[in-house]
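K.L.:
Return a 3D structure for these sequence lines:
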Amino acid sequence: MTVRKYGFEMLRFIATFGTASAVLLSALTACTTGVSRTVSTSGSGSGSAVRVGQTFVYECAVGNPITVRVEGETAWLFLASGTKSLPHVVSASGVRFSDGATSYWNKGAEASFVLEGQMYSACRNNRARAIWEDAKFRGVDFRAIGNEPGWHLEIYDDEKVLFTNNYGQDSHQFSFVAPMSDPASRTSRYDLHGDVHRLSIELEGTACSDSMSGEPFQTRVLLLFDGKEYFGCGRALH
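P.N.:
Alright, predicted model coming up:
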């Protein structure tokens with residue numbers, strides 16, 4: 001079994017016990033968006049993530065949330081009716097994308113849409129949802145978060161593991177190593193070593209709630225980074 005297959009087998013194993021669900025996404029800019037941005041590495045692994053786009057999850061007064069992915073001169077709208085690709089067009093204010101019939105107009109903290117002839121205005125980005133959706137677009141297979149100090153973990157199967165702590169100030173990258181799974185205890189464990197740092201990850205298939213927001217998750221997460229313990233919750237994204 002290849003490492004990637006092993007990784008997905010682990011996710012399916014966790015799903016068996018109610019811990020995996022395809023949900024939403026990582027990093028932000030300012031106060032309004034989930035953004036794929038450059039992440040500096042520290043003492044472990046090689047290379048770094050690069051900025052590839054911005055992700056938003058807009059909530060309007062009516063209708064379902066609208067997920068938008070902006071990459072360069074194109075905005076992708078993920079709607080119940082299907083996916084729309086809109087080109088950037090000139091606008092007197094804000095940033096506007098339109099194909100003539102469907103449009104998306106970002107004006108800072110708010111956005112408006114024209115969808116199937118109907119106008120949706122005063123739509124606001126949900127930061128929390130955009131973070132998770134952004135991670136999903138970037139190919140993160142599993143993501144976890146914790147508090148005091150704030151940290152997050154991103155696992156890219158068969159590629160790398162990123163651990164960011166101290167409220168986003170410190171980021172550490174490790175080469176991916178396939179986990180050891182134990183169905184009896186509903187756990188999977190990763191042991192990762194860099195040039196300077198060591199990270200152990202234990203995922204347990206049991207209900208977990210974020211200590212700050214109370215948001216429910218399906219996986220309890222325990223990290224041991226250079227001998228210091230971090231507790232949090234997470235979920236599979238694919």
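
K.L.:
a helix runs through Ala135, doesn't it?
P.N.:
Yes: applying DSSP: H, G, I helix; E, B strand; the rest coil, one finds Ala135 inside a helix.

K.L.:
Which parts of the chain are helices?
P.N.:
Here the chain has its helices, by DSSP state H, at 3-16, 127-137.

K.L.:
comparing those helices, which gets the lowest mean pLDDT score?
P.N.:
Sorting the helices of the chain by mean pLDDT places helix 3-16 lowest, at a mean of 37.

K.L.:
list the contacts for the residue in the chain sticking out farthest from the centre?
P.N.:
Note on the chain: the largest C-alpha distance from the chain mean falls to Ala92, namely 32.6 Å (Cα atoms, centre = their mean). Ala92 sits next to no residue when contact means Cβ atoms under 8 Å, 6 or more residues apart in numbering. For every residue, glycine as well, the C-beta is placed using N, CA and C.

K.L.:
That one and Gly205, how far apart?
P.N.:
Distance of Ala92 to Gly205, given as Cβ to Cβ, to the nearest Å: 53 Å.

K.L.:
same thing with Arg189?
P.N.:
From Arg189 across to Gly205, the span is 13 Å (Cβ to Cβ).

K.L.:
again, but for Ser185
P.N.:
Per Cβ to Cβ, Ser185 is found 9 Å from Gly205.

K.L.:
Looking only at neighbour counts, state which of these two leads.
P.N.:
Neighbours were counted for Ser185 and for Gly205 using other Cβ atoms under 10 Å; Gly205 has more, 22 against 11.

K.L.:
my guess is the more buried one contacts Cys233, does it?
P.N.:
No: taking contacts as Cβ atoms under 8 Å, Gly205 lies outside contact range of Cys233: 12.0 Å.

K.L.:
Could you pull up phi and psi at Gly205?
P.N.:
As for Gly205, its main-chain torsions (degrees, to the nearest 10) stand at phi -70, psi 70.

K.L.:
That concludes my questions; thank you for your assistance.
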